[in-house]
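# Prediction below, plus the sequence it came from.
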Amino acid sequence: DSGVTQTPKHLITATGQRVTLRCSPRSGDLSVYWYQQSLDQGLQFLIQYYNGEERAKGNILERFSAQQFPDLHSELNLSSLELGDSALYFCASSVDPGGPHEQFFGPGTRLTVL
Amino acid sequence: EDKVVQSPLSLVVHEGDTVTLNCSYEVTNFRSLLWYKQEKKAPTFLFMLTSSGIEKKSGRLSSILDKKELFSILNITATQTGDSAVYLCAVDLSGTYKYIFGTGTRLKVLA
């Protein structure tokens, strides 16, 4: 158990819908990262937050957004969902991005868009 | 464009064999290289390498980094069926707060 929690574990929804994925980092970690993992691709970095502020963006679609709250939990919002958005979404946390530090991954949320 | 390439893509061995997994990278502002093991769940951290030539070791697993030739290897000796997993390599980019992951090497160890 890495100490990073993610909810829900599974999510099944329809195209065009909007969903919210939630992540709580390890105790003491200020940095949260979001990744998407599809069957045919590796882990794709989406976005990173440090202590409530956005620090880095990867290949995140405009339909996706995220935020980190004062209690350091983070939410990833996915809207106007398409079939291709079906994937495993991981959250990871680290002490801070000033590193180098290893990231600790949550169990993931498996999103299925029908 | 920053990239991390792992080879081979997949590997099937028998218990007791030794395997070597490769990770090469072309990135700007390299800071560290990390190895993760991913079974049917979240990646779990194995090693973090920042300096060339210094081997990191944990049980039957070891890893080393070559910053001149821009690659790292992960060795697993006396493989066991429990080593079956996808092994991911990632590079941490200084100043960008980003980690670039390779697509992984899928290892299957047969009894």
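That came through, no problem.

# any weak-confidence spans in chain A?
Residues of chain A meeting the criterion pLDDT under 70: A:40, A:97-100.

# and the spatially most central residue of it, what element?
What sits nearest the mean C-alpha location of chain A, by Cα atoms, centre = their mean, is A:Trp34, with 3.1 Å. In the assignment (DSSP states H and E), A:Trp34 maps to strand A:31-37.

# Report all helices and strands that the next helix or strand after that strand contacts.
Scanning forward in sequence from strand A:31-37 by DSSP H and E, the next helix or strand is strand A:43-50. Strand A:43-50 sits against strand A:31-37, strand A:53-57, strand A:64-68, strand A:74-78, strand B:98-101, with contacts defined as 3 or more Cβ pairs under 8 Å, 6 or more residues apart in numbering or on different chains; DSSP states H and E. Where you see a C-beta, it was placed from the backbone N, CA and C, and this is true even at glycine.

# 10 Å instead?
strand A:31-37, strand A:53-57, strand A:64-68, strand A:74-78, strand A:87-94, strand B:85-93, strand B:98-101 (3 or more Cβ pairs under 10 Å, 6 or more residues apart in numbering or on different chains; DSSP states H and E).

# In its sheet, which strands sit next to the first one, and in what direction?
Based on DSSP bridges, the strands next to strand A:31-37 in the sheet, each with its direction, are strand A:43-50 (antiparallel), strand A:87-94 (antiparallel).

# strands paired with the helix or strand of chain B with the lowest mean pLDDT, and their directions?
Across the helices and strands of chain B, mean pLDDT, DSSP states H and E gives its lowest value to strand B:98-101, namely a mean of 88. If you go by DSSP bridges, strand B:98-101 pairs up with strand B:85-93 (antiparallel).

# which bits of chain B sit near chain A?
Residues of chain B lying close to chain A (Cβ under 10 Å from any Cβ of the partner chain) are B:4, B:6, B:31-36, B:38, B:41-50, B:86, B:88-90, B:92-104.
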